[in-house]
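Okay, predicted coordinates and the sequence, questions at the end:
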Amino acid sequence: MRNGHRPLAAAAAIAVVTTGLAYFFGPGAAPADSETRRAPASGSRASGKVSAEACEVSAKFPKRQLRGVWIATVHNVDWPSKTGLTPERQQAEYTRILDEAVRRNFNAVFVQVRPASDAIYKSPFEPWSQWLTGTAGKDPGWEPLPFLIAEAHRRGLEFHAWFNPYRASDKDNLSKLPATHPARVHPDWVVRHEGKLYYNPGLPEVRAYTTQVVTDVVRRYDIDGVHFDDYFYPYPGKGTKFGDAAAFTKYGNGRSLAAWRRANVNKLVAEVGQAVHAAKPYVKFGISPFGIWRNKSNDPTGSDTKGLSAYDAIYADARAWIKARSVDYVMPQLYWPRGFAAADYAKLVPWWADAVKGTGVHLYIGQALYRVGTKDSPAWTKSGELPAHLALNRRYPEVRGDVYFSAAQLGRNPLGVLDKIVKDHYPRPALLPLVEARGGAAPAAPTGLRRSGDTLVWKPSAGARAYAVYRVAGAAPDPCATADARNLLAVVPATDAPEQSYPVKAGGTYLVTALDRLTNESAPTTAVLP
């Protein structure tokens, strides 16, 4: 994923990803858009108290927007920084990442829990990841996942567990894997390909096993989402044929090899989505595909691009997942700048916006924070390129947020780009977008709202995961006071305390709403403070 995606040469028909790391990765500005849009006065659902009045909302202060970051564990890209750290050091590194995300008004993390048929949690199916201790299968002395989830939730961050479905090992020697590794137990599931091991996507047993691994995590841990990255069949490398001929002979049923491979991936996506939602209906499932579905040269409905086609090269048909609603969201990795001839960001965003329009599938954009300040192209040497992507996104209401690769760059803040993004695009917190298909219901509005010294306090609402705190000057807020985020001070995670609280620094009218885990929002409770 991601770091393995080198810039596409302008004349190249395919971006060939050949580095070893590619096996695992791949996750001057325009002026700020100040347009306003009409929207319902309240972003709540099922509260029964939605005002019928339409409100003018500011595109600069979206009330609902996903702002996430990928945290890669493979090769210690983001966390932990190296193998063999003590549990305390690993925990401290992780919480620093979260604190940096919160400081930037982010609201979600996508943490790699299964880099390659291994686990950063206590799995009944797969060995402990080597990226914790340096030795595959070695117990790290603690179980990270409950801590990782709890610390994210404590800070109001949604936690998405990131899996790769088909990678088995970055080495092709089965004997080097732990004895209980599923690739050793089931060598018939595995394809050796260019020095690495892959599970064969054409085998029903592999799909069933992958679904079992994912479902186990959904059932046992309090995650908010399941996330796949862009690796399905291997990216083009040295031109070696992928060794699935026997499976194709057995299961092809007269289809072409390419159609059969795409059908295998589509089946897995559908089966995983169904299993996730059956286990916990509120858990979201989404995928961050390669940024180009197909080029117009391949298909008249494709994008005006000249790069690798995920549909043709790695058999990933994201548009089929969208049409079938097998996923709750897609997050295409649009890791190219505006004006790039082979893959122009300004052309890809409207293509993806059109692909999801009217489907109920959410669209978030994968952003190449890791390229800012590099010489991958002249555009990335300028601090304004990435913020300009977000300004362009405002033209397309289908774009509901952005996720950045990767967490290591949060602290580095290349070219000061995150400062600019926060100033121009994330000046206020934001609620997460509502995924209608995942249900939920707004909790009851908070009660007992009052001031206690320098603190605003209220009684908890049953079923509330968090509370949104708004402030307006004066004593008479209009019905549109909570329509966008311009008055939103904070999203406060719920605690087990008998009263919830938020520090206040000024008088005015405070409005507090209750949010369930999917951020369905109650009507506001209001208090006027001197």
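That came through, no problem.

Could you report the distance from residue 77 to residue 92?
Applying C-beta to C-beta, to the nearest Å, the value for residue 77 to residue 92 is 18 Å. For the C-beta atoms, the positions are set from N, CA and C on the backbone; glycine is no exception.

do residue 380 as well
Distance of residue 380 to residue 92, given as C-beta to C-beta: 31 Å.

between residue 77 and residue 92, which one's more packed in?
residue 77 (24 against 12; other C-beta atoms under 10 Å).

That one contacts residue 370, doesn't it?
No. Using C-beta atoms under 8 Å, residue 77 is not in contact with residue 370, being 9.3 Å away.

Which is the succeeding secondary structure element to the longest helix anywhere in the chain?
For the chain, the helix reaching the highest residue count under DSSP state H is reported as helix 257-279. Using DSSP states H and E, the next helix or strand after helix 257-279 towards the C-terminus is strand 284-287.

coming back round to it: show me what the longest helix of the chain is packed up against.
helix 204-220, strand 225-228, helix 245-251, strand 284-287, helix 318-324 (3 or more C-beta pairs under 8 Å, 6 or more residues apart in numbering; DSSP states H and E).

could I get those as JSON lines with distance to residue 144 and mean pLDDT?
Listed next are these as JSON lines, based on distance: least, C-beta to C-beta, whole Å; pLDDT from 0 to 100:
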{"stretch": "helix 204-220", "distance to residue 144": "13", "mean pLDDT": "98"}
{"stretch": "strand 225-228", "distance to residue 144": "17", "mean pLDDT": "98"}
{"stretch": "helix 245-251", "distance to residue 144": "35", "mean pLDDT": "98"}
{"stretch": "strand 284-287", "distance to residue 144": "22", "mean pLDDT": "98"}
{"stretch": "helix 318-324", "distance to residue 144": "30", "mean pLDDT": "98"}
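
Now mean neighbour count and distance to residue 306 too, for the ones you listed, in a markdown table please.
As requested, the helices and strands packed on helix 257-279 are exported to a markdown table (neighbours: other C-beta atoms under 10 Å; distance: least, C-beta to C-beta, whole Å):
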| stretch | mean neighbour count | distance to residue 306 |
| --- | --- | --- |
| helix 204-220 | 18 | 33 |
| strand 225-228 | 25 | 26 |
| helix 245-251 | 14 | 30 |
| strand 284-287 | 24 | 23 |
| helix 318-324 | 20 | 18 |
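
got CSV for these, with distance to residue 262 too?
Listed next are these as CSV, based on distance: least, C-beta to C-beta, whole Å:
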stretch, distance to residue 262
helix 204-220, 14
strand 225-228, 15
helix 245-251, 13
strand 284-287, 14
helix 318-324, 7
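
Minimum distance to residue 193: which of the ones you listed has it?
helix 245-251 (12.6 Å; C-beta to C-beta).

Alpha carbons of the closest one, as CSV, please.
Extracted in CSV, the C-alpha atoms of helix 245-251 (Å, rounded to 0.1, in the frame of the first residue of the first chain):
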residue,chain,number,x,y,z
ALA,A,245,-4.0,-22.1,-12.9
ALA,A,246,-5.2,-25.2,-11.0
ALA,A,247,-7.8,-23.2,-9.1
PHE,A,248,-8.9,-21.6,-12.3
THR,A,249,-9.3,-25.0,-14.0
LYS,A,250,-11.4,-26.2,-11.1
TYR,A,251,-13.6,-23.1,-10.4
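
Contacts for that helix, please.
Applying C-beta atoms under 8 Å, 6 or more residues apart in numbering, the contact partners of helix 245-251 are 200, 202, 203, 204, 257, 260.

now those: which count as buried?
200, 202, 203, 260 (16 or more other C-beta atoms under 10 Å).

what would the residues you listed look like in a markdown table with distance to residue 358 and pLDDT?
What follows is the buried ones among the contacts of helix 245-251, written out as a markdown table (distance: C-beta to C-beta, whole Å; pLDDT from 0 to 100):
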| residue | distance to residue 358 | pLDDT |
| --- | --- | --- |
| 200 | 36 | 98 |
| 202 | 33 | 98 |
| 203 | 35 | 98 |
| 260 | 30 | 98 |
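
Going by distance to residue 54, which of those wins?
Nearest to residue 54 among those is residue 260, at 49.9 Å by C-beta to C-beta.

Please tell me how far the closest one sits from residue 171.
Separation of residue 260 from residue 171 (C-beta to C-beta): 28 Å.

same question, residue 365
Using C-beta to C-beta, residue 365 is found at 34 Å from residue 171.

Have a look at the two and say which one is more surrounded.
Ranked by neighbour count (other C-beta under 10 Å), residue 365 and residue 171 place residue 365 first, with 28 against 13.

Spatially nearest residue to the more buried one (excluding sequence neighbours)?
Spatial nearest neighbour of residue 365, chain neighbours left out: residue 402 (4.9 Å); criterion: C-beta to C-beta, 6 or more residues apart in numbering.

low pLDDT regions in the stretch 51-200 of the chain?
Within the stretch 51-200 of the chain, the stretches with pLDDT under 70 are 51-53.

Strands along that one, start to end?
Using DSSP state E, counting those that start in this stretch, the strands of the stretch 51-200 of the chain run over 54-58, 66-71, 108-114, 158-163, 167-169, 190-193, 196-199.

Would you format those as JSON lines with distance to residue 295 and mean neighbour count included?
Converted to JSON lines, the strands of the stretch 51-200 of the chain look like this (distance: least, C-beta to C-beta, whole Å; neighbours: other C-beta atoms under 10 Å):
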{"stretch": "strand 54-58", "distance to residue 295": "36", "mean neighbour count": "16"}
{"stretch": "strand 66-71", "distance to residue 295": "26", "mean neighbour count": "26"}
{"stretch": "strand 108-114", "distance to residue 295": "28", "mean neighbour count": "26"}
{"stretch": "strand 158-163", "distance to residue 295": "28", "mean neighbour count": "23"}
{"stretch": "strand 167-169", "distance to residue 295": "27", "mean neighbour count": "24"}
{"stretch": "strand 190-193", "distance to residue 295": "25", "mean neighbour count": "20"}
{"stretch": "strand 196-199", "distance to residue 295": "26", "mean neighbour count": "24"}
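
quick one, which of those is nearest to residue 144?
Here strand 108-114 is closest among these (C-beta to C-beta), at 8.6 Å.

and that closest one, what does it pack onto?
Using 3+ C-beta pairs under 8 Å, 6+ apart: strand 108-114 touches strand 66-71, helix 87-103, helix 144-154, strand 158-163.

Just want the angle from it to strand 158-163.
Angle between the axes of strand 108-114 and strand 158-163 is 30 degrees (criterion: axes from the mean of the first three to the mean of the last three C-alpha atoms, to 10 degrees).

Quick one: distance of strand 108-114 to the chain centre.
On the basis of C-alpha atoms, centre = their mean, to the nearest Å, strand 108-114 sits 8 Å off its chain's mean C-alpha point.

contacts for it?
Residues from elsewhere that reach strand 108-114 (C-beta under 8 Å, 6+ apart): 27, 66-74, 79, 97-98, 101, 119-121, 126, 145, 148, 152, 157-164, 213, 217, 224-225, 227, 403, 407, 432.
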